[in-house]
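Colleague: below: sequence and its predicted model.
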Amino acid sequence: MSLPPTLFLAPLRGATDYIFRDTLQHHFQGWDCAISPFITPQNNSDFPDKTLKDVLPVNNPGLPLIPQLLTNTPEQFLILSRRLIELGYHHLNWNLGCPAPQVAKKGKGSGMLPCPDKIVALLDTVLPELEQLDCQLSIKMRLGYHAQEESFALLPQLNAFPLREITIHTRLGSQIYRGATDVESFTRCLELSSHRLIYNGDIISCADWHTLQKRFPQISCWMIGRGAIARPFLAEEIKGGECRDLSGRLCRFHAELLTRYSSAFSGDTHIIGRMKLIWNFLINSFPFAEKKLLKKVQKSRTLSQYQDAAESILQTSIPHSFSNIHEEQKKHLKTES
């Protein structure tokens, strides 16, 4: 009997913060681990608790968390790593995948992929100290920024390093989240890498995962981002759960999320803004909801208006199976942050 897949919650900046992650864990099962939205090291910072609120262990009591760093400077990388290790973390993730133009143009995230020598140089510097501190490093990357050949050139060089694993989002950085994923290039990555690879990219439904699992039976770990917010119960579906009382659980999930954001943020604008971002994805759990209902959510300006609009969607019936509608739903997924 094969073991169940390991499912990682991908980082989506502005969406999968500690409140979302903890609330998700309260209401839906199947998620094994989460990567935090990236933390950018700051010059001359000792990283007090208030700047690391999202990754403080006290705020992450349930779902195991791996903090993610975004930098191209070894010195900054190590300063932040030491602080995270002080907090008790022994596995960190390096972001080589962020496609945001304001990040990539600085040679960070996926913008670093055209420069494999810089990547290797940073690893040469930071990994010996991380090993001494009993800390493992993994990487989350794209297929490249401009072309797939960038990952094809990098991956063999990474074989020399004791990385825990490498997650590959099967798009280019220049695509951001547009266009199709490149499954064929992931096949080439498997041939080139000696590390454990994790597949990431457009797993929006259980059917998507089954298709990929048949294509890559050697892959045991999968990372899901937008699909996890679109269908918080997706991990249960993939692992063969019955997904009972989805309507009630989604209502309770939404209610707790709104309550916790109301406590964390001041003013209707901030609270509603966070919930609107979630609804850009979560609407896909309600395929029978009329499009005008989401527009009503997006146009709300007060908490009262928002709650009325959200309640209209939450009262919409949920299908017993999503297998025949997931392709249409994909068209409505908004771009990740």
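Modeller: Good, I have the coordinates. Source: prediction; values computed, not measured. Residues are numbered from 1 along each chain as shown.
Colleague: give me the outermost residue of the chain relative to its centroid.
Modeller: Outermost residue of the chain with respect to the C-alpha centroid, by Cα atoms, centre = their mean, is Ser304; its distance is 30.4 Å.
Colleague: tell me, what's the model's pLDDT at it?
Modeller: Here the pLDDT value assigned to Ser304 is 96.
Colleague: for the helix or strand encompassing it, name the packing helices and strands.
Modeller: Assignment of secondary structure by DSSP states H and E places Ser304 within helix 303-314. When contacts are defined as 3 or more Cβ pairs under 8 Å, 6 or more residues apart in numbering; DSSP states H and E, helix 303-314 packs onto helix 246-264, helix 268-282, helix 291-299. In short, each C-beta sits where N, CA and C put it, glycine included.
Colleague: rewinding a little: Ala255 versus the residue farthest from the centre of the chain, what's the distance?
Modeller: From Ser304 across to Ala255, the span is 15 Å (Cβ to Cβ, to the nearest Å).
Colleague: ok, how many other residues are close to the residue nearest to Gln307 when sequence neighbours are not counted?
Modeller: Sequence neighbours aside, Leu258 is the residue nearest to Gln307 in space, at 7.7 Å (criterion: Cβ to Cβ, 6 or more residues apart in numbering). By other Cβ atoms under 10 Å, 20 other residues sit near Leu258.
Colleague: what sits against Leu258?
Modeller: Remark: with contacts taken as Cβ atoms under 8 Å, 6 or more residues apart in numbering, Leu258 is in contact with Ile271, Met275, Gln307, Ala310.
Colleague: measure the third one to Ile166 for me?
Modeller: Distance of Gln307 to Ile166, computed by Cβ to Cβ: 43 Å.
Colleague: one more: the second one?
Modeller: Remark: distance between Met275 and Ile166 (Cβ to Cβ) = 34 Å.
Colleague: contacts only, for the closest residue to Gly173 other than its chain neighbours.
Modeller: Excluding the flanking residues, the one nearest Gly173 by Cβ to Cβ, 6+ apart is Ser110, at 2.8 Å. The neighbours of Ser110, taking Cβ under 8 Å, 6+ apart as the test, are Leu96, Gly97, Cys98, Pro99, Val103, Ala104, Met141, Arg142, Gly144, Tyr145, Leu172, Gly173.
Colleague: which of these are buried? Put it as a PyMOL command.
Modeller: Those of these that count as buried under 16 or more other Cβ atoms under 10 Å are selected in PyMOL with:
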select buried, resi 96+97+98+99+103+104+141+142+144+145+172+173
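Colleague: farthest-apart pair in the contacts of Ser110, please.
Modeller: Largest separation among these by Cβ to Cβ: Val103 and Gly144, giving 15.3 Å.
Colleague: where does this structure dip in pLDDT?
Modeller: For the chain, the stretches with pLDDT under 70 are 1, 44, 320-337.
Colleague: pop the domain breakdown of it in here.
Modeller: According to automatic domain parsing, the chain comprises the domains 6-238, 246-314.
Colleague: what's the first-to-last distance across the last one?
Modeller: Yep, that's domain 246-314 we're talking about. Its start and end residues considered, domain 246-314 measures 11 Å (Cα to Cα, to the nearest Å).
Colleague: in contact with the closest residue to Lys105 other than its chain neighbours: list those residues for me.
Modeller: With Cβ to Cβ, 6+ apart as the criterion, Lys105 has its nearest non-adjacent residue at 6.3 Å, and that residue is Gly111. Gly111 sits next to Val103, Ala104, Lys105, Tyr145, Gly173 when contact means Cβ under 8 Å, 6+ apart.
Colleague: picking that back up, against Ser45, how distant is the residue nearest to Gln307?
Modeller: Distance of Leu258 to Ser45, computed by Cβ to Cβ: 32 Å.
Colleague: sorry, back to before: by neighbour count, which of the contacts of Leu258 wins?
Modeller: The most neighbours, when the contacts of Leu258 are compared by other Cβ under 10 Å, belong to Ala310, which has 25 neighbours.
Colleague: run a quick neighbour tally on the closest residue to that one other than its chain neighbours.
Modeller: Here the nearest residue to Ala310 in space, its sequence neighbours aside, is Val297; by Cβ to Cβ, 6+ apart that works out to 5.9 Å. Each residue near Val297 was counted by other Cβ under 10 Å, and the total is 23.
Colleague: part of a helix, is Met223?
Modeller: No - residue assignment for Met223, taken from DSSP: H, G, I helix; E, B strand; the rest coil, gives strand, which places it outside any helix.
Colleague: which strand residues bridge it?
Modeller: Here Met223 shows beta-bridge partners Phe8, Asn200, assigned using DSSP bridges.
Colleague: roughly how far apart are it and Leu7?
Modeller: Taking Cβ to Cβ as the criterion, Met223 is separated from Leu7 by 8 Å.
Colleague: what about the helices in the protein?
Modeller: Assignment of helices within the chain using DSSP state H yields the ranges 18-27, 74-86, 101-104, 116-132, 149-158, 183-192, 206-215, 226-230, 234-238, 246-264, 268-282, 291-299, 303-314, 326-330.
Colleague: and the shortest one, how far from the chain's centre?
Modeller: Which is helix 101-104. Distance, stretch centre to chain centre, for helix 101-104: 18 Å (Cα atoms, centre = their mean, to the nearest Å).
Colleague: what does it contact?
Modeller: By Cβ under 8 Å, 6+ apart, the residues outside helix 101-104 that reach it are Leu70, Cys98, Gly109, Ser110, Gly111, Tyr145, Gly173.
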